[in-house]
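1. Quick one: sequence and predicted model below, then my questions.
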Amino acid sequence: PASDPTLLERARVAKEKLGDRLFILGHHYQRDEVIQFADVTGDSFKLAQQAAARPEAEYIVFCGVHFMAESADILTTADQKVVLPDLAAGCSMADMATASQVDQCWADLEASGVADDVLPMTYMNSSAAIKAFVGRHDGVVCTSSNAKRALDWAYERKGKVLFLPDQHLGRNTVVREMGFDLDDCVLYNPFKPNGGLTERELRDAKIILWRGHCSVHGRFTLDCVEEMRRKDPEVNILVHPECKHEVVEAADYVGSTEYIIRALADAEPGSSWAVGTELNLVRRLANEHPDKNISFLDRTVCYCSTMNRIDLPHLVWALEELVEGRVPNVISVEPGEAAAARKALDRMLALP
Ligand code: 13P
Ligand code: SF4
């Protein structure tokens, strides 16, 4: 349990013993019991930037989910080992685009005669194999904090973009921030022949969205927004762009986890906020800002269950294994795949 003083002490002791050989990264959705041990906390963009910040550290313990640990492995040196304290910490959205599905999609685009005009790009929340596919086709990775810049970059190059795997981030960004119409986007369903689209739809679309989503952010509905506004007409609705388009359209502010943290830090004392993102983060922010009225946008409890798999017992286990000279749960991307994925990640990191 979170309050177990023995575990807290064991984590402190192991961390101290490992000293500079250890670098712990923690995503904002992690539990409080874990995030307190992170050397750096951040959203997925900041953590990708920070992964390479400590080349002298032998071990990067990644408190987050699998695709983030893969990206850290790609961005660090060959000698550094990336450890994910629980291998079951995946991401259901990342699992919604497999390499063979994306290969099939590309074959469909080729058969429709449009592949040469399409630039593929992927949200960070995807496997290394998908990032490698994108890298091999001159595309770019994005996160929720730079999706507009990456989409601008991609659209300028080809005038047609395949956006993987989060349909909501793609749609919300092009419609809200880039002035596209909903009709400029089509939805590619990997479970249907030709994605469920006609050749003409593929030819005419400016943005081809992949049919993936985040099940955590998908829980927020227009009803939640309306109920909050009925209860408190002054409330500010602040949501993550992984939420559905209608929710994002009805919100007052939209942005990545880092944006949400900054918005609440800058908010006026006494102001009211209903926040649509993962619950560990919303609860932490409510505790950090007792002078502001911060609540969760959904009526029910909604953690990211895979982020939550990294708990204090798993962290302590991983750190104590490292102290004993064993390196558990290493996340290692095959070098050829890593090199291709790195191209797409580097393009993102070099965006203006
Ligand atoms: P950001 O860290 O980019 O805000 O993304 C949220 C998320 O869902 C991470 O899995
Ligand atoms: Fe994946 Fe959603 Fe969890 Fe983020 S919050 S790790 S997108 S399931």
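-> Structure's in. What do you need? Residues are numbered from 1 along each chain as shown. Ligands and ions are numbered 1, 2, ... in the order given.
2. Identify the residues contacting the residue of the stretch 251-352 of the chain found nearest ligand 2.
-> The minimum distance from the stretch 251-352 of the chain to ligand 2, using CB to the nearest ligand atom, falls at Cys304 (3.3 Å). No exception for glycine: its C-beta is placed from N, CA and C like everyone else's. Residues in contact with Cys304 (CB atoms under 8 Å, 6 or more residues apart in numbering) are Tyr29, Val65, Val216, Glu278, Asn280.
3. Equivalent analysis for Leu169, please.
-> Contacts of Leu169 (CB under 8 Å, 6+ apart): Tyr123, Ser144, Ala147, Phe163, Pro241, Glu242.
4. where do the strands sit along this protein?
-> 22-27, 40-42, 59-63, 81-83, 119-123, 140-142, 161-164, 185-188, 207-210, 236-239, 253-254, 272-276, 293-296 (DSSP state E).
5. rewinding a little: just put the contacts of Leu169 in JSON lines and tack on distance to ligand 1, pLDDT and neighbour count.
-> Output for those, formatted as JSON lines (distance: CB to the nearest ligand atom, whole Å; pLDDT from 0 to 100; neighbours: other CB atoms under 10 Å):
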{"residue": "Tyr123", "distance to ligand 1": "8", "pLDDT": "98", "neighbour count": "29"}
{"residue": "Ser144", "distance to ligand 1": "4", "pLDDT": "95", "neighbour count": "25"}
{"residue": "Ala147", "distance to ligand 1": "9", "pLDDT": "97", "neighbour count": "25"}
{"residue": "Phe163", "distance to ligand 1": "15", "pLDDT": "98", "neighbour count": "29"}
{"residue": "Pro241", "distance to ligand 1": "8", "pLDDT": "98", "neighbour count": "27"}
{"residue": "Glu242", "distance to ligand 1": "6", "pLDDT": "97", "neighbour count": "27"}
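6. Spell out which parts of the stretch 151-300 of the chain neighbour ligand 1.
-> Cys214, Glu242, Ser256, Thr257 (CB under 6 Å from any ligand atom).
7. which of the residues you listed lies closest to Ala48?
-> Top of the list for closeness to Ala48, among these and by CB to CB, is Ser256 at 12.4 Å.
8. Would you mind stating the distance between the closest one and His240?
-> With distances taken as CB to CB, to the nearest Å, Ser256 is found 7 Å from His240.
9. So these two - more neighbours on which side?
-> Set Ser256 next to His240 and count neighbours by other CB atoms under 10 Å: His240 wins out with 28 against 23.
10. Now the more buried one: phi and psi?
-> phi -80, psi 150 (degrees, to the nearest 10).
11. Neighbours of the nearest residue to it once chain neighbours are set aside, how many?
-> Nearest residue to His240 in three dimensions, chain neighbours excluded: Thr277, at 4.2 Å (CB to CB, 6 or more residues apart in numbering). Other residues near Thr277 come to 30 when the count uses other CB under 10 Å.
12. For Thr277, which residues are in contact?
-> Counted by CB under 8 Å, 6+ apart, Thr277 has contacts His217, Val239, His240, Thr257, Ile260.
13. Those residues of this protein touching ligand 2, which are they?
-> Val65, Cys91, Ser92, Met93, Asn125, Cys214, Ser215, Val216, Glu278, Cys304, Thr306, Met307.
14. Tell me the buried residues within these.
-> Val65, Cys91, Ser92, Met93, Asn125, Cys214, Val216, Glu278, Cys304, Thr306, Met307 (16 or more other CB atoms under 10 Å).
15. The third one: what's it in contact with?
-> The contact partners of Ser92, taken as CB under 8 Å, 6+ apart, are Cys214, Ser215, Thr306.
16. quick one: the second one from Thr306, how far?
-> What it means is Ser215. 10 Å.
17. go on, Ser256?
-> Distance from Ser256 to Thr306, by CB to CB: 19 Å.
18. and what of Ala94?
-> 10 Å.
19. Quick one: low-confidence residue ranges for this structure.
-> 1-3 (pLDDT under 70).
20. Report the contact partners of whatever residue of the stretch 101-250 of the chain ends up closest to ligand 2.
-> Residue of the stretch 101-250 of the chain nearest ligand 2, by CB to the nearest ligand atom: Cys214 (3.3 Å). Neighbouring residues of Cys214 by CB under 8 Å, 6+ apart: Ser92, Met93, Asn125, Asp166, His168, Glu242.
21. Which residues are in contact with each of Ala94 and Thr306?
-> Val65.
22. Now for the spatially closest residue to Asp184 that is not a sequence neighbour, how many residues are close by?
-> Computed as CB to CB, 6+ apart, the closest residue to Asp184 that is not its neighbour in sequence is Lys206, at 4.2 Å. The burial count assigned to Lys206 is 16, neighbours taken as other CB under 10 Å.
23. Lys206: what's it in contact with?
-> Tyr155, Gly159, Lys160, Val161, Val174, Phe180, Asp184, Cys185.
24. redo that, cut-off 10 Å
-> Lys206 makes contacts with Tyr155, Gly159, Lys160, Val161, Val174, Met178, Phe180, Asp181, Asp183, Asp184, Cys185, Val186, as judged by CB atoms under 10 Å, 6 or more residues apart in numbering.
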